[in-house]
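Novice: I would like to see how this sequence folds:
(one chain, ligands or ions: 2)
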Amino acid sequence: MAIVKSTGGRAEAAKMSSSSSESADEYEPPRLSLSMGVRHLCDSGITSLPARYVLPPADRPGGNPTPPAVLPVIDLAALRAGATCQLAALHAACRDYGFFQVVNHGVPAHVGRAMLDAARGFFFDLPLADRARYMSADIRAAVRYGTSFNQLNDGVLSWRDFLKLLIRDTRRLDDVVPSWPDAPAELRPPAASYARACQRLFRELMEAALEALGIVRCRDELLEECDGGCQMMMVNCFPACPEPELTLGMPAHSDYGLLTILMQDEVSGLEVSYGGGWAVVEPLAGAVVVNVGDHLEILSNGRYRSVLHRVRVNGRRARVSVASLHSLAAERLIGPAAELVDERDRPRRYMDTDMAAFLAYLSSAEGKHKSFLHSRMISSPSTTH
Ligand SMILES: O=C(O)CCC(=O)C(=O)O
Ligand SMILES: [Fe+2]
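Specialist: Numbering: from 1, shown residues only. Ligands and ions are numbered 1, 2, ... in the order given. A predicted model of the protein is given here:
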């Protein structure tokens with residue numbers, strides 16, 4: 001299996017990442033000019049995939065994915081009620097899969113539904129001119145409509161449009177909401193409610209993860225920092241694609257940050273690196289998918305895994321997802337928790353890192369060969385997930 005190595009990082013920065021591909025072929029990616037996005041391409045009536053979206057043969061998704069992954073399911077209501085088996089299940093899921101689904105997560109169903117409806121409305125119902133108001137070449141912009149993974153760096157474009165909503169300090173959500181798109185009119189209130197619900201869920205999951213990891217000394221400080229941390233909501237849209245076997249909605253990447261909370265509609269597409277192949281994550285009605293990000297792998301000194309995942313597209317139905325990426329403040333240095341480092345048995349495995357390190361990585365040659373996480377490893381990497 002050829003893994004398309006992306007930066008692995010995903011803070012907004014995320015989208016600046018370049019993905020490099022490893023192909024044995026003499027394949028040369030086409031030259032690019034800025035694209036108005038895949039939704040626009042679909043509206044223009046294309047019947048075949050434009051060359052700039054065609055992946056080298058070795059990086060194409062292939063016809064037969066590994067059978068669906070049965071991700072561990074965590075019942076948050078039971079965890080709240082003190083069920084130690086749920087805490088153990090959460091720990092095992094973060095350690096063994098890096099991904100799990102959560103039920104009874106506390107995000108009200110109507111809030112999730114309204115968010116997905118608003119997302120569809122934003123991408124599909126508005127004329128391009130309205131969406132284009134939010135297009136920006138400034139990858140640091142707090143509100144940004146874009147396409148692909150990072151279209152300025154991507155050798156081959158990805159079949160995805162997105163709206164990024166960045167909340168630099170989650171305590172100041174109310175201050176940033178007025179800068180979000182005012183059309184469709186229904187976008188701001190559900191997106192704000194959804195953002196807030198994700199913040200609560202993130203806080204609860206972090207509390208549980210710190211307990212499961214045995215992080216006690218800096219627990220309160222960390223949780224306080226989670227409360228004023230950074231949240232990036234990526235509203236992703238993957239329209240039906242004329243030749244889905246030749247391209248991807250998102251190349252393999254891991255997420256920058258501590259945890260990502262993903263809500264997807266009923267169309268599958270998410271694939272997780274698993275057992276040497278790619279396993280489809282079938283959406284579980286009413287559940288959200290959660291994955292460990294690079295920062296939690298670092299904080300846990302490698303006990304938890306930030307796993308590569310990608311998005312496959314299909315020829316029949318558009319798919320919408322909302323990924324809420326949570327991290328500490330951008331300037332905060334993150335390194336392995338002191339309690340999880342033991343110079344004899346479990347030496348420190350990662351360098352401290354922050355957003356500046358991530359940005360430096362992206363602009364360096366290193367970004368072409370390694371994931372961001374790899375670039376932060378001290379010992380020789382034993383995992384290529
Ligand atoms: O749409 C999905 O299922 C995954 C999206 C994702 O991985 C991301 O936005 O980082
Ligand atoms: Fe992701």
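
Novice: Near ligand 1, which residues of this protein are found?
Specialist: Proximity of the chain to ligand 1, by CB under 6 Å from any ligand atom, involves residues 10, 234, 236, 250, 255, 262, 264, 269-270, 309, 311, 321, 323. Where you see a C-beta, it was placed from the backbone N, CA and C, and this is true even at glycine.

Novice: now, among these, which is nearest to M206?
Specialist: M206 lies nearest to D255 out of the residues of the chain next to ligand 1, by CB to CB, at 14.7 Å.

Novice: Surely the closest one is in a helix?
Specialist: No. Counting by DSSP: H, G, I helix; E, B strand; the rest coil, one finds D255 to be coil, located in no helix.

Novice: State the distance from it to I215.
Specialist: 20 Å (CB to CB, to the nearest Å).

Novice: between the two, which one's more packed in?
Specialist: D255 (30 against 18; other CB atoms under 10 Å).

Novice: Could you check how far that one is from F372?
Specialist: D255 is 10 Å from F372, by CB to CB.

Novice: Quickly note the distance from the residue most central in space within the chain to E224.
Specialist: Geometric centre of the chain, nearest residue: D255, 4.7 Å, by CA atoms, centre = their mean. Taking CB to CB as the measure, D255 falls 23 Å from E224.

Novice: Tell me the buried residues in the helix or strand containing E211?
Specialist: Using DSSP states H and E, E211 maps to helix 188-213. Residues of helix 188-213 classed as buried: 188, 190-199, 201-206, 208-210, 212-213 (neighbour count, 16 or more other CB atoms under 10 Å).

Novice: who's in contact with the residue lying closest to I378 once chain neighbours are set aside?
Specialist: The shortest distance from I378 to any non-neighbouring residue, by CB to CB, 6 or more residues apart in numbering, is to R349 (5.6 Å). By CB atoms under 8 Å, 6 or more residues apart in numbering, R349 lies in contact with 301-302, 336, 377-379.

Novice: Just the buried ones from those residues?
Specialist: Judged by 16+ other CB under 10 Å, buried ones among those: 301-302, 336, 377.

Novice: where do the helices sit along the stretch 1-150 of the chain?
Specialist: For the stretch 1-150 of the chain, the helices defined by DSSP state H, counting those that start in this stretch occupy 12-16, 38-43, 76-80, 84-96, 109-120, 128-132.

Novice: which of those helices sits most buried?
Specialist: Burial of the helices of the stretch 1-150 of the chain is given as mean neighbour count (mean count of other CB atoms under 10 Å); helix 12-16 ranks first at a mean of 23.

Novice: Show the average pLDDT along it.
Specialist: Taken as a whole, helix 12-16 has an average pLDDT of 36.
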